[in-house]
Structure formats: structure tokens, C-alpha cells
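Engineer: Pasted the sequence and its predicted model underneath.
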Amino acid sequence: MHDLFALAARSRALPIWTRFLGASGLSLGAFALQTLLHERLPPGQLLLFIPAVMFSALFFGGEAGGWSTAFSAALAAYFLFPGEGFAVSDPAEALALVLFIAVALAIVFVMQELSGVIDRSDNEAAAAQTLATKTERLKNLYLQEMAHRTKNDLQFVCSMLQTEARALDDDNARASLLAASSRVAVVSRVYALLQHDGGRDVWMRPLLDDLCANLRLALIGERPIALRTEVADCALEVDEARAVALIVNELVVNALKYAFPEERAGTVKVRLTRDGDDLALTVEDDGVGPASMEAMGLGSGHKLVRSLGQQLGGAAVIEPGADRGLRCELRFPAPPE
């Protein structure tokens with residue numbers, strides 16, 4: 001039905017001579033059909049002209065509908081009713097002709113009003129769609145600008161923390177500031193990706209791949225350690241993406257710092273996979289194992305991981321690996337696909 005009215009709207013935009021020609025064709029078609037069935041129809045019946053008038057008004061506008069009414073009445077008076085020329089001698093036929101004209105003009109009026117309502121509705125829908133598109137574009141632009149400014153502010157904070165850390169003589173204080181700087185850098189990376197994608201969600205594969213690539217450069221270097229990622233193609237809201245990135249950063253940094261002492265070779269694996277209605281985040285290594293790591297006082301890092309896991313609606317499980325090393329798994333609700 002919507003396609004029919006859309007076609008009618010395009011037809012009403014044709015030049016006036018084309019619309020009058022179309023209305024005349026419809027009236028002539030109705031006249032031909034009326035002539036063929038004239039003997040089978042009751043005397044004075046002009047019902048077959050009604051569809052011609054209605055479609056003329058619908059597809060070619062009110063003026064063409066009025067012309068179709070007049071042309072149909074003239075054809076009926078001249079050819080279908082007895083008498084000379086346009087004179088109708090039978091009162092019943094004259095009354096039928098008058099009723100036809102009245103009904104046809106009423107139909108033209110109704111069709112014109114209906115077409116006007118539909119055209120206004122289509123125009124309002126198009127205007128609303130344009131406004132919605134413009135609003136969505138502006139919203140995305142504001143979000144990108146906010147993400148850009150947030151990223152710049154976080155990078156500034158990160159630089160200040162690094163500067164302060166280099167100025168300290170106390171090794172513990174310096175390590176704490178550098179750890180804080182690393183976490184701020186992770187959050188900055190989330191907003192950088194949000195700005196790049198131009199949306200409200202953060203795609204996890206480029207985020208975690210980029211995070212691990214930076215950790216390779218910063219902490220592995222020439223050491224015989226492999227850092228591998230396997231990340232599902234999913235997007236999370238900013239808060240969730242930030243929490244996941246901080247968890248990965250914390251666990252990978254701890255593994256690279258403490259799981260492979262004395263140039264020990266090994267592998268750190270980061271996986272984020274979909275399992276039914278959940279996402280499963282796993283970070284594991286085949287290093288020296290949890291006993292040695294606990295001796296190095298990593299309880300605060302694991303406490304942060306558990307806290308972030310609770311924010312995601314899950315619970316982090318940190319346990320020894322199947323053979324050796326350490327394994328952390330966190331399951332939390334996945335976004336709808």
C-alpha cells in the first residue's frame with residue numbers, strides 16, 4: 001500500500017498535460033468497457049466510470065480527477081443516452097447523470113484530501129528521519145570530541161606520573177607511580193580507540209591486541225617470552241572495556257615481571273572468547289608458578305583484578321596452571337549479539 005501511494009505521489013508531480021492525458025485515457029477505458037457491457041447493465045448506470053475518476057484523482061491530482069468527471073459525463077451523455085448531442089431527454093437518465101457527477105466530485109474531493117494527508121505524513125516522516133540522522137551525527141561528534149579530550153588529559157596525567165617517578169629515589173614509590181602511570185595509559189588507550197571508531201562501544205580485539213603489542217615492546221624486548229592473544233570480535237561499553245583492559249594489563253605485567261626470572265623462556269596467553277551468554281577472559285602463563293609470585297608480594301594486583309571482575313558482574317578465579325605457572329579466568333555477562 002505504501003508503494004502504491006509513493007507511486008501516486010510521483011505521478012502527481014508530472015506535467016499537467018501528462019496528468020490530463022492519463023485521466024482522459026482512464027475515462028476512455030471506462031467508456032469502452034461501459035459500451036461493451038451497456039446491454040447487460042441497468043439503464044442509466046454509470047458505475048464503471050467511478051473507478052476511472054477515483055484513479056485519476058489518486059494518481060494525477062484533483063484537477064485531473066475533475067477533468068475525468070466532466071469527460072466521463074460528456075461521453076455518457078453523447079454516446080450512451082438517447083437524444084441528440086449532449087441533450088438527455090429521459091428524466092431518469094438525467095438524474096443518473098447528475099448523481100454520477102455529484103458522487104464523482106465527492107470522490108475527487110476525498111481522494112485529494114487523502115493524498116494531502118499522506119503527502120504531509122511522508123514529509124513529516126522524512127523531516128523526522130533527517131532530524132534523527134543529524135542528531136545522531138552530532139551526538140557521535142560530541143562523543144568523539146569528549147573521548148579525544150579525555151584521552152589527551154589522561155596522557156598528560158600519565159606523563160606527569162612518569163616525570164614524578166623518575167625524580168624519586170625510593171624504588172617502591174617509583175614502582176608505584178609507574179604502575180599507576182601504566183594503568184592510566186591503558187584507560188587512555190580505551191578512549192583513543194573510542195574516538196577512532198566514532199561509536200559508543202569499544203571493539204575488544206584491536207584494544208587488547210594494541211595493549212599487548214605495547215607490553216611486548218616495554219617489558220619483553222629480547223627476552224625469550226611469547227605473548228599471544230586470542231580475542232573474540234565483540235564490542236563492550238566503555239566502562240566494561242576499561243575494566244577488561246585494566247585486568248589484562250595487570251595480569252600480563254605481573255606475569256612478564258615475575259613469572260620468568262633469569263631469562264627463563266615461556267609463554268603468556270590472553271584469551272577473550274564468547275561462551276553462550278558469557279564472555280570468558282583468561283590470562284595464563286607457564287612460568288615459575290604462584291608460590292614464587294606470592295613471595296614477591298603481588299596481593300594488591302590480584303585484589304585490583306578481583307575488584308574489577310566484580311564491577312563486570314563476574315568473579316575472577318586465580319589458580320595454579322594445569323602444569324605450571326598461573327592462570328586467571330573471569331566470566332562475565334556478554335553483550336547481546
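Structural biologist: Done, it's in. Numbers count the residues shown, from 1 in each chain.
Engineer: ranges for the strands of the stretch 151-300 of the chain?
Structural biologist: Per DSSP state E, counting those that start in this stretch, the stretch 151-300 of the chain carries strands over the ranges 201-203, 225-231, 235-237, 266-275, 278-285.
Engineer: And stretch 224-243, what's buried?
Structural biologist: 225, 227, 229, 231, 234-236, 238, 240-243 (16 or more other Cβ atoms under 10 Å). Every C-beta, even on glycine, is put in place using the N, C-alpha and C of the backbone.
Engineer: gap between the two ends of that stretch?
Structural biologist: 29 Å (Cα to Cα, to the nearest Å).
Engineer: and that stretch, how far out from the chain's middle?
Structural biologist: 23 Å (Cα atoms, centre = their mean, to the nearest Å).
Engineer: can you check stretch 68-75 too?
Structural biologist: Put simply, stretch 68-75 sits 53 Å off its chain's centre (Cα atoms, centre = their mean).
Engineer: who touches it?
Structural biologist: Stretch 68-75 has contacts (Cβ atoms under 8 Å, 6 or more residues apart in numbering) with 23-24, 26-28, 30-31, 46, 49, 52-53, 56-57, 86, 97, 100-101, 104-105, 108.
Engineer: out of those, which are buried?
Structural biologist: 23-24, 26-27, 30-31, 46, 49, 52-53, 56-57, 97, 100-101, 104-105, 108.
Engineer: Please narrow these to those residing in helices.
Structural biologist: Residues of the buried ones among the contacts of stretch 68-75 located in helices (DSSP state H): 23-24, 26-27, 30-31, 49, 52-53, 56-57, 97, 100-101, 104-105, 108.
Engineer: Tell me where the stretch 201-337 of the chain has helices.
Structural biologist: Secondary structure of the stretch 201-337 of the chain (DSSP state H, counting those that start in this stretch): helices located at 204-215, 238-258, 290-295, 299-311.
Engineer: I'd like those laid out as JSON lines, including mean pLDDT and distance to Ala64.
Structural biologist: Formatted as JSON lines, these follow (pLDDT from 0 to 100; distance: least, Cβ to Cβ, whole Å):
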{"stretch": "helix 204-215", "mean pLDDT": "88", "distance to Ala64": "59"}
{"stretch": "helix 238-258", "mean pLDDT": "88", "distance to Ala64": "58"}
{"stretch": "helix 290-295", "mean pLDDT": "54", "distance to Ala64": "87"}
{"stretch": "helix 299-311", "mean pLDDT": "81", "distance to Ala64": "67"}
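Engineer: Can you say which of those helices is nearest to Gln162?
Structural biologist: Nearest of these to Gln162, taken as Cβ to Cβ: helix 204-215 at 14.2 Å.
Engineer: What helices and strands are in contact with the closest one?
Structural biologist: Applying 3 or more Cβ pairs under 8 Å, 6 or more residues apart in numbering; DSSP states H and E, we find helix 204-215 packed against helix 171-197, strand 225-231, helix 238-258, strand 266-275.
Engineer: Reformat those as a markdown table; add distance to Leu308.
Structural biologist: Below are the helices and strands packed on helix 204-215 laid out as a markdown table (distance: least, Cβ to Cβ, whole Å):
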| stretch | distance to Leu308 |
| --- | --- |
| helix 171-197 | 11 |
| strand 225-231 | 17 |
| helix 238-258 | 4 |
| strand 266-275 | 14 |
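Engineer: Deepest in the core, which of those is it.
Structural biologist: Compared across these, helix 238-258 shows the largest average neighbour count, a mean of 22 (mean count of other Cβ atoms under 10 Å).
Engineer: Leu131: how many residues sit nearby?
Structural biologist: Applying other Cβ atoms under 10 Å, we find 10 residues neighbouring Leu131.
Engineer: average pLDDT across the helix or strand hosting it?
Structural biologist: In this structure, Leu131 sits in helix 91-167 according to DSSP states H and E. Mean pLDDT, helix 91-167: 78.
Engineer: quick one: that helix to helix 171-197, angle?
Structural biologist: 160 degrees (axes from the mean of the first three to the mean of the last three Cα atoms, to 10 degrees).
Engineer: Alright, calling it a day.
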